[in-house]
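Chemist: kindly generate the corresponding structure for this input.
(2 chains)
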Protein chains: 2
Amino acid sequence: MTSRTVETFLSPALFEPEKCRGTIVVIIDILRATSSICTAFANGARAIIPVSEAAEARNYKAQGCLVAAERDGFVLDFADFGNSPFNFTKEKIKDNTVVYSTTNGTGIINMALQAKPAAIVTGSFLNISALVRWIERHNGNVNLFCAGWKKRFNLEDTVFAGAVAERLIKTGGYSTSCDSTHAAMDLWLAAKNDLRSYIEKAAQRSRLREKQLDDCIDFCLQHDFTAFVPVFMNGRLVGVES
Amino acid sequence: MTSRTVETFLSPALFEPEKCRGTIVVIIDILRATSSICTAFANGARAIIPVSEAAEARNYKAQGCLVAAERDGFVLDFADFGNSPFNFTKEKIKDNTVVYSTTNGTGIINMALQAKPAAIVTGSFLNISALVRWIERHNGNVNLFCAGWKKRFNLEDTVFAGAVAERLIKTGGYSTSCDSTHAAMDLWLAAKNDLRSYIEKAAQRSRLREKQLDDCIDFCLQHDFTAFVPVFMNGRLVGVES
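Modeler: Modelled structure (predicted):
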C-alpha cells in the first residue's frame, strides 16, 4: 500500500488550495463552530448550510429558514441563535435544516470548496473517533484545515489537528513530511494528559470567558460525544454515521 | 514596572505589521540566513545590506560590491558566494560590507521595516544570549518574526522563537497572551533536550540534505558562538556587541 499523507494548515493565512485538490479536507474550529456542528447532528439536524457572510445568513432568515449566526461570540440580531453547542438542542433542530454563519469556521468551508477537494468533513473532539474511521475508510490524502481566529494561529485547533494526525499516522498507514503537522502532534503530546488545563492559556479561552460564553468549553473538549461525521454534499453538511 | 509583551509571527503569511510599530522586531531564519549573518559579524564584517530581490543583488555586484545571494539553497551565478555560514569567512568578509539576498530571511527584514518598528535585530542560536541581553536593555515590546519557508510555517524558526520567549518571560519581566508564542515555547520544551535530533524531522533539514548543503546544521544549532547582535540601521545591519 502506498502511504497516504497528512498535512496541516495552521490558519486560513497558511491555506494552500493547490494542495487540496482530490484530497479529504477536515475543517477544524473547536471553539466553537465545528463542535456545534457535531452537536447539531447528534441532536438530529437534517442538514447545515454553512454561509460565509452575515448578509447571506440574513437573506436566508428572510426566507423563513432557521438561522444560527455569530460574530466575535455574539448572536447577530436577526438570527434564531448563536454559536454555542448548547444552542443546537433537539427541541430546536431535530429534523430541521440550519443556516450557519460564524466568525471563522464556516467561511473556511467555502475556501476549501474552491480548491476542489474529494471531500470536505468537519472535525471536533466530539466526533474524533468517528472522523478517523471515516477518513481511513475513504482512502485519500488528508489536509487538516484549522480555522484559527481572524486568520491567526490558535492552540485549540492545532492540538486537535495533532490528535487526528497522531491517530492517522499510528494506526491508519499515514505519513507526513509537513512541519505544521509535526508541530501539531508535538503540541497535542504536550496537551493530551490534561487538555482542559492546556487550553486555559489559549486566547480564545480568555475571549469566551470575558464574554461569559465559556460554559461550553468542557463540553467541546470531551471525546466521542457522537458518531456522526458532518460531510459536505451539494451545498450543505449532512451527518453520516461512522 | 509594566510588563512588556512578546508575540510571535510563525510565518510571513501571519505577519501583522500594525502590531510592530514602535516595537523590537527579531528576524529569525535559523537555516540559514540569520545564522550566517551572526557568523559574518563574528568574523569581522563591517555591515550587511539585506536585499529582497535577486535583481537588486545583481546591481550591487555590477557596482563592485561583495555579494552573497541564494535561492532554494543554490548560489546565484553572479554572486561571490551563497547562504552557508561557512562562506562568511574572515578571509572574505573582515572589514567588508556584504550585500545579502536569500530565499526567505532577507526579504522579511524589508517587510518588518515597512511596519515602522523601534528596532530590527536578527537572532539565531549562535547569538541567543547576546540577543536576549540586548532586548532586555532596550525595554520594548517584542515581536518574534519567523521567516519560515516560502511563507510556510517551519519548525526550526519556531523552536528558536520559543527559546527566546522562554528566556524573556522567565527572567526578563515579559508576558504573553499570544497563542503562537505559547506554541513556540511548548515546541522549544519538546526540542531543547536534544535539539539536533528534534530538527531531524524538519522539512528544511531534508531539503538541505538532498542538496548536500547540510554540513552547517550542527553549527547553526550551537548556542552563543558570538556576542554580536546584528542591528538594522540606515539600510544595513551592523554588529553590536552585547
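
Chemist: which residues does A:Ser177 contact?
Modeler: A:5, B:203, B:206 (CB atoms under 8 Å, 6 or more residues apart in numbering or on different chains). Backbone N, C-alpha and C define where each C-beta goes, glycine included.

Chemist: that one belongs to a strand?
Modeler: No: looking at A:Ser177 with DSSP: H, G, I helix; E, B strand; the rest coil, it is coil, so not inside a strand.

Chemist: pLDDT score for it?
Modeler: Per-residue pLDDT puts A:Ser177 at 95.

Chemist: against A:Thr8, how distant is it?
Modeler: As judged by CB to CB, to the nearest Å, A:Ser177 and A:Thr8 stand 12 Å apart.

Chemist: again with A:Asn43
Modeler: Distance of A:Asn43 to A:Thr8, given as CB to CB: 29 Å.

Chemist: now A:Thr122. Its backbone dihedrals?
Modeler: phi -110, psi 150 (degrees, to the nearest 10).

Chemist: give the contact list for it.
Modeler: Shown in contact with A:Thr122 (CB under 8 Å, 6+ apart): A:26-29, A:33-34, A:37-38, A:109, A:229-230, A:237.

Chemist: was I right about A:Leu14 contacting B:Phe153?
Modeler: Yes: contact criterion CB atoms under 8 Å: A:Leu14 and B:Phe153 qualify, at 6.3 Å.

Chemist: now for these two: what residues contact both?
Modeler: Common contacts of A:Leu14 and B:Phe153 (CB under 8 Å, 6+ apart): A:180, B:11.

Chemist: more crowded one of the two?
Modeler: Between A:Leu14 and B:Phe153, B:Phe153 has the larger neighbour count (other CB atoms under 10 Å in any protein chain shown), namely 29 against 22.

Chemist: read off the pLDDT value for that one.
Modeler: At B:Phe153, the pLDDT recorded in the model is 97.

Chemist: next up, the contacts around it.
Modeler: B:Phe153 touches A:10, A:14, A:179-180, A:183, B:10-11, B:146, counting by CB under 8 Å, 6+ apart.

Chemist: what comes up buried for the longest helix seen in chain A?
Modeler: Scanning chain A for the helix with the most residues, using DSSP state H, yields helix A:155-171. Within helix A:155-171, the residues scored as buried using 16 or more other CB atoms under 10 Å in any protein chain shown are A:155-169.

Chemist: looking at those, which is nearest chain B?
Modeler: A:Leu155 (4.7 Å; CB to the nearest CB).

Chemist: that closest one touches B:Ala184, doesn't it?
Modeler: No: in terms of CB under 8 Å, A:Leu155 does not count as a neighbour of B:Ala184; the distance is 11.2 Å.

Chemist: isn't there a helix covering A:Ala68?
Modeler: No: under three-state DSSP, A:Ala68 falls outside any helix and is assigned strand.

Chemist: by contact count, what packs against the strand or helix carrying A:Leu189?
Modeler: Under the criterion of DSSP states H and E, A:Leu189 resides in helix A:179-191. In terms of contacts (3 or more CB pairs under 8 Å, 6 or more residues apart in numbering or on different chains; DSSP states H and E), helix A:179-191 is packed against strand A:4-9, helix A:155-171, helix A:195-199, helix B:155-171, helix B:179-191.

Chemist: reformat the ones you listed as CSV; add distance to B:Asn87.
Modeler: As requested, the helices and strands packed on helix A:179-191 are exported to CSV (distance: least, CB to CB, whole Å):
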stretch, distance to B:Asn87
strand A:4-9, 33
helix A:155-171, 36
helix A:195-199, 43
helix B:155-171, 19
helix B:179-191, 27
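
Chemist: and the ones you listed: which comes nearest A:Gln114?
Modeler: Among these, strand A:4-9 comes nearest to A:Gln114, with 13.7 Å by CB to CB.

Chemist: so the helix or strand just after that closest one versus strand A:4-9, what angle?
Modeler: Later in the chain than strand A:4-9, the nearest helix or strand by DSSP H and E is strand A:24-28. Orientation of strand A:24-28 against strand A:4-9 (axes from the mean of the first three to the mean of the last three CA atoms, to 10 degrees) gives an angle of 40 degrees.

Chemist: for strand A:24-28, name the packing helices and strands.
Modeler: So strand A:24-28, by 3+ CB pairs under 8 Å, 6+ apart, packs with helix A:105-114, strand A:119-123, helix A:128-138, strand A:142-146, helix A:155-171.

Chemist: narrow the contacts of A:Thr122 to those that are buried.
Modeler: Neighbour counting by 16+ other CB under 10 Å classes A:26-29, A:33-34, A:37-38, A:109, A:229-230, A:237 among the contacts of A:Thr122 as buried.
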